Structures are given as structure tokens and as C-alpha cells.
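**Q** My questions are about this predicted structure, shown below with the sequence.
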Amino acid sequence: MLATLASATLTGVEGRSVTVEVHVADGLPGFSIVGLPDASCREARDRVRAAIVSSGASWPLRRITVNLAPGGLPKAGAGLDLPIALGVLQASGQLPAELPSIGAFGELGLDGGIRPVPGALPLADAVAGELVLVPVVDAQAATHVAGDRVRPVRTLTDVVRAFVDGEPWPDPEPSSTDDAAVTFAPDLADVRGQPAARVALEVAAAGGHHLLLVGPPGAGKTMLARRLVGLLPRLSAAEALEVSRVHSAAGLPLPAGGLVSTPPFRAPHHSASMAALVGGGSGRARPGEVSTATCGVLFLDELGEFAPSVLDALRQPLEEGVVRVARAGGTSVQPARVLVVAAMNPCPCGMGGELACRCPPAARARYARRVSGPLLDRLDLMVRVDRPDPAALLGPAGDSSAMVAERVAKVRQLSSARGVRCNADLTGDALDEHAPLEPQSATILERALVAGRLSGRGLRRVRCVARTLRDLDDAGPTLRPTDVLAAIGFRARPLVEGSHG
């Protein structure tokens with residue numbers, strides 16, 4: 001007898017539809033799985049058998065063949081356990097032959113319990129069928145893409161009783177993740193002094209411009225960077241679904257409502273590998289930190305300590321907003337629309353530019369070369385963060401995150417009216433239309449290009465930063481010389497000894 005169910009497997013951050021065919025026939029007892037399963041799929045044989053027996057059903061002592069179609073698509077993960085078990089029960093006559101078209105995914109425990117799997121959101125979106133059976137923990141997240149087709153299940157017994165005895169499906173359970181822990185961000189009012197860095201932080205949040213903070217240890221670089229995410233507006237419905245898909249595929253916990261509603265903040269350690277930062281790895285191409293931070297902030301602390309090859313892998317994602325992970329089994333396209341904020345010391349000892357610096361010139365040059373010129377060319381704002389004056393540390397607090405976020409939201413609304421997510425996305429005709437130059441401003445940019453202080457990419461980015469500065473001021477239609485000079489000053493100031501200006 002043959003049973004057919006729908007399921008899905010995870011490729012990068014996308015779900016791919018899979019048809020699970022289970023054939024039970026006379027012959028020597030055996031169990032085989034075909035259709036390019038990985039090791040975790042092949043191990044389903046033992047989990048499925050133990051789960052069926054523990055649930056009070058009988059294991060058919062016949063020849064069982066499982067086909068995972070399409071045969072040319074690699075299948076990974078334990079999410080196919082549940083449809084395989086249901087197929088065995090239906091093909092052996094323990095479930096009715098006439099059932100609605102069923103889609104399912106979930107890992108089976110030996111006791112018959114159904115456990116969650118990474119990627120519930122993309123998997124539920126890819127699974128066909130009138131009913132989609134999902135682990136009870138993933139039910140709320142799955143409803144955002146599969147709607148009222150979702151049926152939460154705790155155990156294999158729940159499924160059998162629902163189909164055979166007509167018992168109701170279990171109620172979904174909210175995630176244990178606390179929303180407050182997910183949405184909390186420290187307040188910018190905690191930062192005393194650093195007026196230039198605070199302005200740069202506001203400009204970065206308002207226009208989506210990448211930011212580099214350079215200064216000695218203890219100056220407040222990390223403190224500033226961690227407050228950037230609190231200045232960003234909440235995610236739109238489309239952004240929330242996109243971020244939640246990536247987090248689900250990466251195995252990160254989702255909030256109780258099933259969707260991430262605030263911009264994510266990711267801060268990988270400087271020892272992170274290229275696969276950890278941009279995605280990939282052996283087997284399934286997993287999303288990296290640049291993808292899990294999409295629509296949010298990617299904080300690269302101690303930038304000069306990252307491997308140069310790892311940093312250079314960010315150049316294409318920062319330019320295009322996506323990561324293309326190519327492997328022998330196929331190519332996965334993952335989102336990477338991030339706001340990068342990086343922090344680094346000016347030299348190996350950290351005291352560059354101060355009397356206490358003890359680094360020889362050769363050591364400073366080697367340190368500076370760890371961050372390549374092409375990567376620096378993609379960073380719009382570069383700010384020196386020196387240790388604040390004691391009077392500033394003891395003085396009154398500056399604007400709070402809520403006050404700055406209100407100004408940021410107004411600029412983001414202007415960007416949305418221009419048809420882009422933020423000013424940093426303005427290109428081509430849209431840039432000419434919404435960021436026209438006054439004659440003197442054009443002259444300033446021409447001189448900077450002739451002097452070699454700006455590249456072609458730098459010219460566009462300077463105009464975008466100038467547009468943000470004007471929006472924060474009075475949102476006038478043209479870019480004034482003061483806006484352009486400030487944007488060039490943010491970009492071209494030599495901060496790291498021997499670095500590209």
C-alpha cells in the first residue's frame with residue numbers, strides 16, 4: 001500500500017517542498033530511505049520505529065520503502081520524521097486511507113513526542129496540504145504563513161486520535177522567550193560627552209549609513225554602538241516576517257507572538273569564521289550573522305582583530321544587501337540588509353595618537369592593513385572617539401534614545417516617501433531627484449574627486465549622507481555646501497594610522 005504526504009526541507013533560509021512517499025509491501029522486513037537524505041534523515045528509521053511502538057501502534061513487519069521527492073534535492077534535518085511516521089501508519093492501514101491532503105514536519109522522540117525543528121516559518125510556508133501538522137511549540141509562528149491550515153501536535157498519539165477518534169487538536173503553546181528581553185535596548189542618555197559620536201550615531205540610524213568608531217580603550221565605543229539599535233524604528237510587517245524567517249532558519253528563539261518586531265542586534269566575536277559571519281558551512285547552508293542581523297544592526301567590535309579575509313567577505317553583502325552562498329548542492333540567497341557599526345583601536349596598543357602610544361610605525365601599518373581600503377570605502381561615517389572630558393562625565397545627560405528615535409523616525413518617513421527604506425539606498429535617478437546639488441556643493445565634490453579623496457562609490461555615499469544631514473536639519477530640497485562638507489568630513493578623516501582616508 002502507498003501513502004503520500006507533503007513536507008519540506010530547509011535550504012539556507014528558504015523552505016523547499018518535499019513529497020514523502022511511503023510504500024509498504026510484502027517481503028523480508030526492512031526499511032530504506034531514498035531521495036538524497038543526509039545522515040539525520042537516514043537515522044529517521046530508528047526514531048520512527050521507536051516512536052510508533054511507544055505510541056501504542058504496531059510496526060509493520062514488511063518491506064518499507066520511503067522516497068523523498070524530488071530525488072535531486074538534498075534533504076537535511078530531522079523534520080521529515082513526522083511525515084514518514086504518518087506515512088507508515090497510513091500505508092499499513094492504521095490510519096484511514098481517505099484523509100485530507102496532509103503536510104507535516106517535526107522531529108520524533110523515542111517516546112512518540114514531537115519536537116520542534118529549525119526553520120518552522122519557512123518550512124510551514126513551503127508545505128502544501130489542506131492541513132499542516134507542526135510541533136505545538138512552533139504553531140504560533142507557523143500560523144503567520146500557513147494561516148488556519150496549521151494543526152499543533154504534541155505527540156504521535158495526538159495525530160492518531162484526531163484522525164481515528166475525531167478528538168480535538170491540542171492548543172498551541174506560546175514560546176518561552178520573554179518579549180521584554182528581546183526588545184530591551186540601553187538608553188543613549190547613559191552616554192556622557194562624545195557629542196561628535198552621538199551625532200554620527202543619529203545620522204547612521206536616520207539614513208542607514210555604516211559607521212566606524214575609532215578610539216582608545218575605555219572611550220565608550222562599545223557603549224555607543226550598543227545603543228544604535230534603540231534608535232531604529234520598529235520593523236514593518238514585511239520586515240518582521242523576513243527577520244523571523246531568518247531567525248527561525250538559524251534556530252534562534254522567536255518571541256511569544258511568533259514574529260520579531262524590533263530590529264535585531266548581532267555582535268559576533270572577532271574570532272568568528274567566514275561561514276559564521278556570512279553563512280554557509282558544511283551540509284546545509286546556514287544563515288550567518290550578517291543575515292540574522294538583517295533589518296537591524298551588525299556590531300563588529302575590535303574590527304582590527306577579525307581575520308582580513310573574513311572582513312573582505314562582507315564587501316559584496318554590504319553593497320547588494322544579500323549573501324549568495326554557493327555550494328556543490330546549489331546556491332542559497334540570504335538577506336543581508338544590515339546597518340554595520342564597527343569599533344576598533346587606532347593601533348595595537350590602543351593609544352594611537354596619544355603620548356602613551358608605544359607601537360612602532362611598522363606595527364601600526366600592519367594593524368591598519370587588516371582593514372582593507374575597499375571595505376573602508378563602504379563605511380559612510382568614520383568618527384574618532386577619544387576619552388571624554390571629566391567634566392562631561394559628571395555633567396548632565398544628553399538626549400535620550402526616545403528623543404533621538406523620534407527624529408530618526410521623521411527622516412525614515414521622508415525616505416519612505418522617496419520610495420526607499422532609508423537614504424543610503426538612494427541611487428541613480430532617485431539620487432539626482434531627491435538629493436540635487438547646489439552649484440557650490442557640486443564644486444566641492446568635484447575638487448574632492450580630482451584630489452582622489454573620493455571614489456565613485458564614495459561620491460554617491462557622500463551625497464546620501466548629506467541628504468540625511470539636511471533631513472535632520474530642515475529637510476530642504478537641495479544639498480547645501482555645509483551638508484556636503486560635513487558628509488566628506490565624516491567620511492574622509494584619517495583615523496587609523498596608515499589607513500585609507
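**A** Received it, and whenever you're ready, just let me know what you need. Residues are numbered from 1 along each chain as shown.
**Q** Which is the succeeding secondary structure element to the helix or strand harbouring residue 461?
**A** According to DSSP states H and E, residue 461 maps onto helix 456-473. As assigned by DSSP H and E, the chain's next helix or strand after helix 456-473 is helix 481-492.
**Q** so how far is residue 24 from residue 288?
**A** Relative to residue 24, residue 288 is positioned 42 Å away (C-beta to C-beta, to the nearest Å). From N, CA and C alone the C-beta is placed, and that goes for glycine too.
**Q** ok, the residue nearest in space to the middle of the chain - contacts?
**A** Closest residue to the average C-alpha location of the chain: residue 292 at 1.8 Å, with C-alpha atoms, centre = their mean. Residue 292 is in contact with 246-247, 250, 252, 264, 266, counting by C-beta atoms under 8 Å, 6 or more residues apart in numbering.
**Q** how is the protein carved up into domains?
**A** 2-165, 181-408 (automatic domain parsing).
**Q** And the ones you listed: which comes nearest residue 456?
**A** Closest to residue 456 of the domains of the chain is domain 181-408 (C-beta to C-beta; 9.8 Å).
**Q** State the mean pLDDT of the closest one.
**A** What domain 181-408 shows for mean pLDDT is 89.
**Q** Could you find the closest non-adjacent residue to residue 438?
**A** residue 478 (5.1 Å; C-beta to C-beta, 6 or more residues apart in numbering).
**Q** Is residue 205 within a helix or a strand, and which one?
**A** Counting by DSSP H and E, residue 205 is found in helix 195-207.
**Q** Could you export stretch 394-414 as CSV, CA atoms only?
**A** What follows is stretch 394-414, C-alpha atoms only, in CSV (Å, rounded to 0.1, in the frame of the first residue of the first chain):
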residue,chain,number,x,y,z
LEU,A,394,30.0,64.4,35.6
GLY,A,395,27.7,66.8,33.6
PRO,A,396,24.1,66.5,32.6
ALA,A,397,22.9,63.7,30.3
GLY,A,398,22.2,64.3,26.7
ASP,A,399,19.1,63.4,24.6
SER,A,400,17.6,60.0,25.5
SER,A,401,17.1,57.3,22.9
ALA,A,402,13.4,58.1,22.7
MET,A,403,14.1,61.7,21.7
VAL,A,404,16.6,60.7,19.1
ALA,A,405,14.4,57.9,17.8
GLU,A,406,11.7,60.4,17.2
ARG,A,407,13.9,62.5,14.9
VAL,A,408,15.2,59.3,13.2
ALA,A,409,11.6,58.2,12.5
LYS,A,410,10.8,61.5,10.8
VAL,A,411,13.8,61.1,8.4
ARG,A,412,12.8,57.5,7.8
GLN,A,413,9.3,58.7,6.8
LEU,A,414,10.9,61.1,4.3
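**Q** mind listing what's buried in it?
**A** 398-399, 401, 404-405, 407-408, 411-412, 414 (16 or more other C-beta atoms under 10 Å).
**Q** Adding distance to residue 172 and secondary structure, write the residues you listed out as a markdown table.
**A** Formatted as a markdown table, those follow (distance: C-beta to C-beta, whole Å; DSSP: H, G, I helix; E, B strand; the rest coil):
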| residue | distance to residue 172 | secondary structure |
| --- | --- | --- |
| 398 | 44 | coil |
| 399 | 42 | coil |
| 401 | 34 | helix |
| 404 | 38 | helix |
| 405 | 33 | helix |
| 407 | 40 | helix |
| 408 | 36 | helix |
| 411 | 39 | helix |
| 412 | 34 | helix |
| 414 | 40 | helix |
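**Q** Direction included, what does the lengthiest strand in the chain pair against?
**A** Secondary structure of the chain per DSSP state E: the longest strand is strand 14-25. Counting by DSSP bridges, the strands paired with strand 14-25 are strand 2-11 (antiparallel), strand 63-69 (antiparallel).
**Q** Show me which residues of the shortest one are buried.
**A** Residues of strand 63-69 classed as buried by neighbour count (16+ other C-beta under 10 Å): 64-68.
**Q** tell me which of the residues you listed is nearest to residue 375?
**A** residue 68 (41.9 Å).
**Q** ok, the closest one - contacts?
**A** 18-21, 33-37, 41, 75, 80.
**Q** try 10 Å
**A** By C-beta atoms under 10 Å, 6 or more residues apart in numbering, the contact list for residue 68 reads 7, 9, 18-21, 33-37, 41, 74-75, 80, 83-84.
**Q** Only the buried subset of those residues, as a PyMOL command please.
**A** Typed into PyMOL, the line below selects the buried ones among these, using 16+ other C-beta under 10 Å:
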select buried, resi 7+9+18+19+20+21+33+35+36+37+41+74+75+80+83+84
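**Q** more neighbours, residue 288 and residue 24?
**A** More neighbours surround residue 288 than the other of residue 288 and residue 24, with 30 against 20 (other C-beta atoms under 10 Å).
**Q** list the contacts for the closest residue to that one other than its chain neighbours?
**A** Among residues not flanking residue 288 along the chain, residue 279 sits closest, at 3.6 Å (C-beta to C-beta, 6+ apart). Shown in contact with residue 279 (C-beta under 10 Å, 6+ apart): 12-13, 246, 250, 285-292, 313, 317, 323-325, 332, 334, 336.
**Q** try 8 Å this time
**A** 12, 285-288, 290-291, 323, 325, 332, 334.
**Q** For residue 28, which three-state class applies?
**A** Per DSSP: H, G, I helix; E, B strand; the rest coil, the secondary structure class of residue 28 is coil.
**Q** Could you count how many residues lie near it?
**A** 7.
**Q** So it is in contact with residue 61, correct?
**A** No. Between residue 28 and residue 61 there is no contact under C-beta atoms under 8 Å: 9.4 Å.
**Q** ok so, going back, reformat the domains of the chain as a markdown table; add distance to residue 470.
**A** Shown next, in a markdown table, are the domains of the chain (distance: least, C-beta to C-beta, whole Å):
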| stretch | distance to residue 470 |
| --- | --- |
| domain 2-165 | 36 |
| domain 181-408 | 10 |
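**Q** SS state for residue 168?
**A** Residue 168 - assigned by three-state DSSP - is coil.
**Q** what's near enough to touch it?
**A** residue 162.
**Q** ok, it to residue 143 distance?
**A** 17 Å.
**Q** what is residue 24 paired to in the beta sheet?
**A** Taking DSSP bridges, one obtains residue 64 as the residues bridged to residue 24.
**Q** Touching, it and residue 59? I think so.
**A** No. Using C-beta under 8 Å as the test, residue 24 is too far from residue 59 to be in contact (10.7 Å).
**Q** Can you check which residues contact both of these two?
**A** In contact with both residue 24 and residue 59: residue 88, using C-beta under 8 Å, 6+ apart.
**Q** how many other residues sit next to residue 39?
**A** Neighbours around residue 39, by other C-beta under 10 Å: 8.
**Q** how about residue 66, what does it touch?
**A** So residue 66 contacts 20-23, 31-35, 44, 84, 87 (C-beta under 8 Å, 6+ apart).
**Q** List phi and psi for residue 326.
**A** phi -100, psi 130 (degrees, to the nearest 10).
**Q** if I look at it, how far off is residue 285?
**A** With C-beta to C-beta as the criterion, residue 326 and residue 285 are 9 Å apart.
**Q** More neighbours: those two, which one.
**A** For the pair residue 326 and residue 285, the greater number of neighbours falls to residue 285 (27 against 11), based on other C-beta under 10 Å.
**Q** Could you find the closest non-adjacent residue to residue 9?
**A** Nearest to residue 9 is residue 75, by C-beta to C-beta, 6+ apart, at 4.8 Å.
**Q** now residue 265
**A** Using C-beta to C-beta, 6+ apart, the closest residue to residue 265 is residue 229 (4.3 Å).
**Q** Number of residues surrounding the one you found?
**A** For residue 229, using other C-beta under 10 Å, the count is 24.
**Q** residues in contact with it?
**A** 185, 262-265, 296-297.
**Q** do the same with residue 273
**A** residue 310.
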